[in-house]
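Asks: quick one: sequence plus predicted model below, questions after.
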Amino acid sequence: MKGDSKARNPAGKPQHLGDLKEGPRSDLLAPGLYVTSTPIGNARDITLRALDVLKAVDLIVAEDTRVTAKLLAIYGISKPLAAYNDHNAARERPRLLGRLRGGARIALVSDAGTPLVSDPGFKLVREAIQERLPVHAVPGASAALTGLVLSGLPSDRFLFAGFLPSKAGERQSTLEELKAIRATLIFFESGPRLAETLKQMSETLGMRSAAVARELTKLHEELRRGTLAELAQAYEDAPPPKGEVTLLVSPPHDAEADMSAVDAALDAALAFMPLKPASEMIANLTGVSRKDVYARGLEKKNG
């Protein structure tokens, strides 16, 4: 299970895909589960290796067979398709594991991108590994990584947090847990919930840079950058966006930068409002504690 490049042929000899002039023929593809990445939008983003695998396997297991059938049709691939999703996974998983035990070659794909990233393939892969069945990764497109490289946010450390809970209270608790993490946060979100999520993020995470990436690699690709507060306002005043959304949020700002923002905000706010409400408002905007903002405000008033 080391390496995608060391799949073994039926004769037991190492078979490097790069050594094959026309890719792996069906008699050269080793048995096992092939976790195969597919395009997130542009069909030409599929890898040559993924095409070789999809042509050679005995079965393709897809989250939605209708979506995968369109991709296969583009490349003239005709293979048996089976659905594997949240609704039937418990029933289908034992059947698929049984076929793998018998030496089948099965490709696991999601609707788009890399399987197991916010889709139901994890348990199938985990149980295959537990049974010491061969599992191979066929890497490719990923909305999370594509959004990260386009966002302009720090990429040396990042955390993929998937979809936030749909209920506001649970979403708040999750954001509080993520607040102190010093890494770029990556989320998936639906268009109808985007404005509400951005507003709650702005209130909970404070002043942070962010990016909203929509329909990545597709015809109507869109990427908006700004602070959480700016993006929340922009999407609150617009119809819910259509298509797939990847939401990226910067790490907490450095304390020095935060206090500089606090000082500027206090100078503006104290000209027309009392310190206590000004401190509460600025704390929500910057992520600096109310106590620290209030103390800085007292210094200004007494200085």
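Replies: Cool, the structure landed. Numbers count the residues shown, from 1 in each chain.

Asks: what's the domain layout of the chain?
Replies: As given by automatic domain parsing, the domain ranges for the chain are 4-141, 144-249, 255-302.

Asks: mean pLDDT lowest where, among these?
Replies: If you rank the domains of the chain by mean pLDDT, domain 255-302 sits at the bottom with a mean of 81.

Asks: report the distance from it to the chain centre.
Replies: Relative to its parent chain, domain 255-302 has a centroid offset of 35 Å by Cα atoms, centre = their mean, to the nearest Å.

Asks: same deal with stretch 223-234?
Replies: For stretch 223-234, the distance to the chain centre is 19 Å (Cα atoms, centre = their mean).

Asks: so what would you say the end-to-end distance of that stretch is?
Replies: 13 Å (Cα to Cα, to the nearest Å).

Asks: what's next to that stretch, contact-wise?
Replies: The contact list for stretch 223-234, computed with Cβ atoms under 8 Å, 6 or more residues apart in numbering, reads 150-152, 195, 198-199, 201-202, 205, 207-214, 249, 285. The way it works is simple: take the backbone N, C-alpha and C, and place the C-beta from them, glycine included.

Asks: next, count neighbours for P80.
Replies: 10 (other Cβ atoms under 10 Å).

Asks: I'd like the distance between the closest residue to it other than its chain neighbours and F187.
Replies: Spatial nearest neighbour of P80, excluding adjacent residues (Cβ to Cβ, 6 or more residues apart in numbering): L59 at 5.1 Å. For L59, the distance to F187 (Cβ to Cβ, to the nearest Å) stands at 33 Å.

Asks: and what of Y34?
Replies: Noted for Y34: a distance of 28 Å to F187, by Cβ to Cβ.

Asks: rewinding a little: who has more neighbours out of L59 and F187?
Replies: Neighbours were counted for L59 and for F187 using other Cβ under 10 Å; F187 has more, 23 against 15.

Asks: now do the SS call for that one.
Replies: Under DSSP: H, G, I helix; E, B strand; the rest coil, the three-state class of F187 is strand.

Asks: ok, what's across the strand from it?
Replies: G162, L247 (DSSP bridges).

Asks: show the contacting residues for L96.
Replies: By Cβ under 8 Å, 6+ apart, the neighbours of L96 are L33, V61, A82, Y84, I106, L124.

Asks: try 10 Å this time
Replies: L33, L59, V61, A82, Y84, A89, A104, I106, L108, L124, E127, A128 (Cβ atoms under 10 Å, 6 or more residues apart in numbering).

Asks: tell me where the stretch 201-303 of the chain has helices.
Replies: Here the stretch 201-303 of the chain has its helices, by DSSP state H, counting those that start in this stretch, at 228-236, 255-269, 275-286, 290-302.

Asks: need those helices in JSON lines (columns: mean neighbour count and distance to L159).
Replies: Putting these into JSON lines (neighbours: other Cβ atoms under 10 Å; distance: least, Cβ to Cβ, whole Å) gives the following:
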{"stretch": "helix 228-236", "mean neighbour count": "19", "distance to L159": "16"}
{"stretch": "helix 255-269", "mean neighbour count": "15", "distance to L159": "20"}
{"stretch": "helix 275-286", "mean neighbour count": "18", "distance to L159": "22"}
{"stretch": "helix 290-302", "mean neighbour count": "15", "distance to L159": "26"}
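
Asks: same list, those, but as JSON lines with distance to A143 please.
Replies: Formatted as JSON lines, the helices of the stretch 201-303 of the chain follow (distance: least, Cβ to Cβ, whole Å):
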{"stretch": "helix 228-236", "distance to A143": "18"}
{"stretch": "helix 255-269", "distance to A143": "30"}
{"stretch": "helix 275-286", "distance to A143": "29"}
{"stretch": "helix 290-302", "distance to A143": "37"}
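
Asks: what's the closest of those helices to G113?
Replies: Nearest to G113 among the helices of the stretch 201-303 of the chain is helix 228-236 (23.1 Å), distances taken as Cβ to Cβ.

Asks: endpoints of stretch 107-120, how far apart?
Replies: End to end - Cα to Cα - stretch 107-120 spans 14 Å.

Asks: does N85 touch D64 like I think?
Replies: Yes: taking Cβ atoms under 10 Å as the contact criterion, N85 and D64 are neighbours in contact, 7.1 Å apart.

Asks: what do those two both touch?
Replies: S110, D111.

Asks: centroid residue for the chain?
Replies: Closest residue to the average C-alpha location of the chain: A144 at 3.8 Å, with Cα atoms, centre = their mean.

Asks: and the helix or strand that that one is a member of, what does it pack onto?
Replies: A144 belongs to helix 143-151 when assigned by DSSP states H and E. Packing partners of helix 143-151 (3 or more Cβ pairs under 10 Å, 6 or more residues apart in numbering; DSSP states H and E): strand 158-163, strand 184-189, strand 209-214, strand 222-227, strand 245-249.
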